[in-house]
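**Student:** From the sequence below, what's the structure:
(one chain, ligands or ions: 1)
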Amino acid sequence: MATASTSDFLVLDGVAKSYGPVQAVHDVSVRVAQGEFLGLLGPSGCGKTTTLQMIAGFEAPSAGQILLEGRALAGIPASKRNIGLVFQSYALFPHMTVAENVAFGLEMRRVPKPERQARVARALDLVHLTHLADRFPRQMSGGQQQRVALARALVIEPRLLLLDEPLSNLDAKLREEMQVELREVQRRVGVTTILVTHDQQEAMALCDRVAVMQGGRIVQIDAPWRAYDAPADPFVADFLGRSNRLLAKLDGGAAEAAGHRFPLPAPLAALRGEVALAIRPERLRILPAGQPGLPGMVHSRVFLGGFWLVRVETPCGDMLVTVQNTGTPPAEEGAAVALDWDAHSLRRLEAVA
Ligand code: ATP
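**Tutor:** Now for the predicted structure:
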C-alpha cells in the first residue's frame with residue numbers, strides 16, 4: 001500500500017473544476033499535514049465550496065488529483081472515503097433523538113450495538129451534550145444542534161473532517177464560543193480538518209494555516225498571523241482585515257507623502273518611485289497637530305468596546321486608526337492631528353506604474 005509522510009496527509013495537486021464554461025476552480029495545489037486545521041477563505045463564488053466538494057467526493061475534478069494518505073481518491077465514492085462533514089444547515093434527522101442522530105452513521109456501517117453505544121457516549125461527551133442525549137433537534141438551540149452535527153461527524157472516526165461555514169447560522173456571541181469549542185475538540189481528537197469560510201476572523205481563530213482564495217485560485221497560503229502581517233497582495237490585505245493604503249514617493253531608504261518624510265524598513269529600502277504602501281490601523285498612532293507625522297483631521301470615531309475606530313482625513317486619503325480603549329476617548333471629532341508609525345509597520349502593496 002502507498003504511504004505518505006505526515007506532512008502530505010492530504011494532497012491537492014493541480015486540481016481544477018469547470019461547469020461548462022464556468023471555471024469554478026483553477027489549478028489548486030496544497031499539501032495538508034496530518035492533524036492540521038486548514039482554512040479555505042475567500043469571498044462568495046471564489047471556489048472554496050467546490051474545492052471542498054471535490055475532497056468529499058460529491059464532485060469530480062476536471063483536472064488534477066487528490067490524494068489522501070498517499071492514495072488517489074478518484075473513483076472512490078463519497079460514502080467510502082470515511083470523511084466527516086458538517087454544513088451550515090445542521091441537517092439533523094428531526095424524528096430522531098440526539099443519540100440516535102449521532103449513532104446513525106455507525107448503524108450504516110454495521111457497528112455492533114455495544115460498541116455503538118460506547119462511541120456515541122464518547123462523542124456526546126466530547127461536545128458536552130451527554131445530558132441532552134434523549135432530546136429531539138427541535139428542542140435544542142442552534143449552537144446545540146451544531147454540536148450534535150459535529151458529534152455525528154466525529155463518531156465515525158473520520159480520516160478527515162470537512163466543515164462548510166459550520167457556524168454562520170449562529171449569532172455573533174455564540175459563534176465566538178463555538179469557535180473556541182471547535183478548536184479544542186479538533187485539537188483533542190487530532191483529526192485533519194478543512195474549513196470553508198468567508199469570515200476572516202473565524203478562519204484566523206480556528207486555523208493553523210489559511211489558504212486565501214480569489215477567482216478559483218489560492219492567492220496566499222500561510223499561518224493566519226503571517227498572512228495578516230505580510231499579505232501577498234492588496235486583495236489579501238483587504239480581505240484579512242482593515243488596511244490603509246498610503247501612496248508615497250520613495251527615493252532610497254526614505255519616502256515622502258503629503259510633505260511628510262519618513263524612513264522605510266530595510267526590505268523596502270531599494271525601491272524607487274511612486275509606490276503604494278499598506279499599513280494596518282492598529283499600527284498608526286494619533287499625535288497632537290504640529291508633531292512630526294502625516295497631517296490630518298479626525299473625521300469620526302466609533303467606540304467598539306475594546307477599542308476605538310477613528311477615521312482621519314489626510315491629504316493622502318482617509319486613514320483608519322484603531323486606538324486601544326484606555327477609558328478615555330481619543331482625539332475629538334474635527335481635531336487637527338498628526339499620524340505617526342514605526343517604519344517596520346510599512347508593507348509594500350504594489351508598484352504604481
Ligand atoms: P459561497 O461562499 O457563495 O458558497 P464559494 O467560494 O464556495 O462561494 P463555489 O460555490 O465553489 O464558491 O462556486 C465557485 C463558482 O462556480 C461560482 O461562480 C459558482 O457560481 C460556480 N458553480 C458552483 N457550482 C456550480 C454548478 N453546479 N454549476 C455551475 N456553476 C457552478
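
**Student:** who's in contact with stretch 307-317?
**Tutor:** Stretch 307-317 has contacts (Cβ atoms under 8 Å, 6 or more residues apart in numbering) with 245-247, 257-259, 281-282, 286, 294-302, 318-325, 329-331, 337, 339. Placement of C-beta: from N, CA and C, glycine included.

**Student:** Now list the buried members of these.
**Tutor:** With burial judged by 16 or more other Cβ atoms under 10 Å, the buried subset of those is 245-246, 257, 281, 286, 294-296, 298, 301, 319-323, 330-331, 337, 339.

**Student:** How many residues are close by Thr6?
**Tutor:** Around Thr6 sit 11 other residues, with neighbours defined as other Cβ atoms under 10 Å.

**Student:** Contacts only, for it.
**Tutor:** By Cβ under 8 Å, 6+ apart, the contact set of Thr6 is 33-35.

**Student:** How about Leu10?
**Tutor:** Leu10 neighbours (Cβ under 8 Å, 6+ apart): 31-32, 55, 66-68, 160, 192, 194.

**Student:** mind listing which of those are in helices?
**Tutor:** Ile55 (DSSP state H).

**Student:** Reformat the contacts of Leu10 as a markdown table; add distance to the ligand and pLDDT.
**Tutor:** A markdown table is the format used below for the contacts of Leu10 (distance: Cβ to the nearest ligand atom, whole Å; pLDDT from 0 to 100):
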| residue | distance to the ligand | pLDDT |
| --- | --- | --- |
| Arg31 | 21 | 97 |
| Val32 | 18 | 97 |
| Ile55 | 12 | 97 |
| Ile66 | 15 | 98 |
| Leu67 | 21 | 97 |
| Leu68 | 20 | 96 |
| Leu160 | 18 | 97 |
| Thr192 | 20 | 97 |
| Ile194 | 12 | 98 |
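
**Student:** TSV for the contacts of Leu10, including neighbour count?
**Tutor:** Output for those, formatted as TSV (neighbours: other Cβ atoms under 10 Å):
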residue	neighbour count
Arg31	17
Val32	23
Ile55	23
Ile66	22
Leu67	18
Leu68	21
Leu160	20
Thr192	22
Ile194	26
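
**Student:** which residues in the stretch 1-150 of the chain form strands?
**Tutor:** Assigned by DSSP state E, counting those that start in this stretch, the stretch 1-150 of the chain shows strands spanning 10-19, 22-32, 37-41, 63-68, 71-72, 83-86.

**Student:** Give the phi and psi angles for Leu73, as a check.
**Tutor:** Torsion angles at Leu73 (phi, psi; degrees, to the nearest 10) stand at phi -90, psi -10.

**Student:** Tell me which residues touch the nearest residue to it once chain neighbours are set aside, please.
**Tutor:** Closest residue to Leu73 apart from its sequence neighbours, by Cβ to Cβ, 6 or more residues apart in numbering: Ile66 at 4.7 Å. For Ile66, the contact set (Cβ under 8 Å, 6+ apart) comprises 10-13, 15, 54-55, 72-74.

**Student:** what stretches of the stretch 101-250 of the chain score poorly on pLDDT?
**Tutor:** Nowhere does the stretch 101-250 of the chain drop to pLDDT under 70.

**Student:** Break down it into its helices, ranges please.
**Tutor:** Secondary structure of the stretch 101-250 of the chain by DSSP state H, counting those that start in this stretch: the helices cover 113-126, 142-154, 172-189, 200-206, 224-229, 234-239.

**Student:** mind checking which of those is nearest Tyr19?
**Tutor:** helix 234-239 (23.6 Å; Cβ to Cβ).

**Student:** helices or strands up against that closest one?
**Tutor:** Counting contacts by 3 or more Cβ pairs under 8 Å, 6 or more residues apart in numbering; DSSP states H and E, helix 234-239 packs against strand 209-214, strand 217-222, strand 272-279, strand 347-351.

**Student:** so which of these comes closest to Leu240?
**Tutor:** Nearest to Leu240 among the helices and strands packed on helix 234-239 is strand 209-214; the distance by Cβ to Cβ comes to 7.2 Å.

**Student:** can I assume Pro288 is in contact with Glu332?
**Tutor:** No - under the criterion of Cβ atoms under 8 Å, Pro288 makes no contact with Glu332, lying 11.4 Å away.

**Student:** Once you drop chain neighbours, what's closest to the residue positioned nearest the centre of the chain?
**Tutor:** With distances taken as Cα atoms, centre = their mean, Ala203 lies nearest the centre of the chain, 2.1 Å away. Leaving aside its sequence neighbours, Ala203 sits nearest to Gly39 (Cβ to Cβ, 6+ apart; 3.8 Å).
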